[in-house]
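> quick one, fold the following:
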Amino acid sequence: MTSKHKHGDPLPETVLRVKSLESLLIEKGLVEADALDALIDRYENKVGPKNGAKVVARAWVDADFRKRLLADATLAVAEFGYSGAQGEELIALENTDDVHNVVVCTLCSCYPWPVLGLPPVWYKSEPYRARVVREPRKVLEEFGTSLPESTEIRVWDSTAETRYLVVPKRPVGTEGMSEEELADLVNRDSMIGTRLADTPAMVKEA
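Model prediction:
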């Protein structure tokens with residue numbers, strides 16, 4: 001969750017159940033707390049999102065791949081070997097100067113695991129699921145994403161059958177960067193639509 005994000009946590013009952021299960025597993029010696037935290041972090045923030053970042057970077061530099069991705073994202077990402085559960089029907093949404101796409105699952109937490117890994121806690125929270133539909137511009141601002149009033153914001157509702165991958169706009173000043181360098185600019189939230197891709201300066205400061 002980004003530091004600028006103001007949404008609340010999941011429902012207390014859900015948190016309690018997860019914490020109880022986690023405590024039981026640790027108490028039984030089946031898992032170690034540090035190992036569990038590292039595993040969750042790996043799949044929520046590192047492994048999964050890096051898959052999607054590679055797809056986006058390829059779309060930024062390869063016009064033919066971009067066309068294939070927008071025409072049939074499921075087949076296009078399969079070129080990277082990314083497929084399987086939670087990614088059977090994938091649709092790519094391209095952000096432009098005129099249109100900004102953001103993804104939600106209003107009923108639960110449907111999410112494209114093959115390209116984004118595990119869904120973040122805020123994505124599953126009831127406040128995000130309800131508010132991003134009613135007031136998307138305000139929610140984006142809470143993520144630090146301010147868009148011109150002229151930019152249309154489209155909210156896409158994921159389902160058990162269909163999931164979405166947002167292709168963020170390529171940052172300015174990246175013309176001479178390699179595909180690998182560009183992938184480093186693609187953060188997880190930009191592929192959900194709640195943030196923009198990072199700038200080269202932001203990556204250097206990190």
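> so where's the protein uncertain?
Flagging of the chain using pLDDT under 70 yields the residue ranges 1-22, 24-26, 30-31, 35-47, 85-87, 206.
> how about the strands in it?
Assigned by DSSP state E, the chain shows strands spanning 90-94, 99-104, 152-157, 163-167.
> what is the first one packed up against?
Contact partners of strand 90-94 among helices and strands, from 3 or more Cβ pairs under 8 Å, 6 or more residues apart in numbering; DSSP states H and E: helix 63-71, helix 73-78, strand 99-104, strand 152-157, strand 163-167. In this view, the C-beta of every residue, glycine as well, is placed from N, C-alpha and C.
> just checking, Asn95 touches Arg170?
No: between Asn95 and Arg170 there is no contact under Cβ atoms under 8 Å: 9.7 Å.
> what's the burial count for the residue nearest to Asp184 when sequence neighbours are not counted?
In space, and not counting its chain neighbours, Asp184 is closest to Val203: 5.5 Å by Cβ to Cβ, 6 or more residues apart in numbering. Neighbourhood size, Val203 [other Cβ atoms under 10 Å]: 13.
> from Tyr128, how far off is Val203?
Going from Val203 to Tyr128 by Cβ to Cβ, to the nearest Å gives 26 Å.
> ok, now Gly52?
Counting by Cβ to Cβ, the gap from Gly52 to Tyr128 is 19 Å.
> pretty sure Gly173 sits against Pro200.
Yes: using Cβ under 8 Å, Gly173 is in contact with Pro200, at 6.5 Å.
> which one of those two is surrounded by more residues?
Shown here are Gly173 and Pro200; by other Cβ under 10 Å, Pro200 has more neighbours (16 against 10).
> for that one, give me its contacts.
Applying Cβ atoms under 8 Å, 6 or more residues apart in numbering, we find Pro200 in contact with Pro171, Gly173, Thr174, Met177, Leu185.
> and if we set it to 7 Å?
Gly173, Thr174, Leu185 (Cβ atoms under 7 Å, 6 or more residues apart in numbering).
> over to Ser146?
By Cβ under 7 Å, 6+ apart, no residues touch Ser146.
> for it, give its distance to Val102.
For Ser146 relative to Val102 (Cβ to Cβ), the value is 14 Å.
> list the buried ones in stretch 164-176?
Tyr164, Leu165, Val166, Val167, Pro168, Arg170, Pro171, Thr174 (16 or more other Cβ atoms under 10 Å).
> distance from the chain centre to stretch 93-109, please.
Taking Cα atoms, centre = their mean, to the nearest Å, one finds the center of stretch 93-109 at 10 Å from the center of the full chain.
> Arg137 touches Ile153, doesn't it?
Yes: checked against Cβ atoms under 7 Å, the pair Arg137 and Ile153 is within contact range at 5.9 Å.
> quick check: neighbours shared by the two?
In contact with both Arg137 and Ile153: Leu147, using Cβ under 7 Å, 6+ apart.
> so Val102 touches Thr194, yeah?
Yes: the pair Val102 / Thr194 is scored as a contact, 6.1 Å apart, by Cβ under 7 Å.
> list the residues that contact both of the two?
Leu140.
> got the residue ranges for the helices in this structure?
12-27, 33-41, 47-61, 63-71, 73-78, 113-116, 121-124, 126-134, 136-142, 179-183, 200-205 (DSSP state H).
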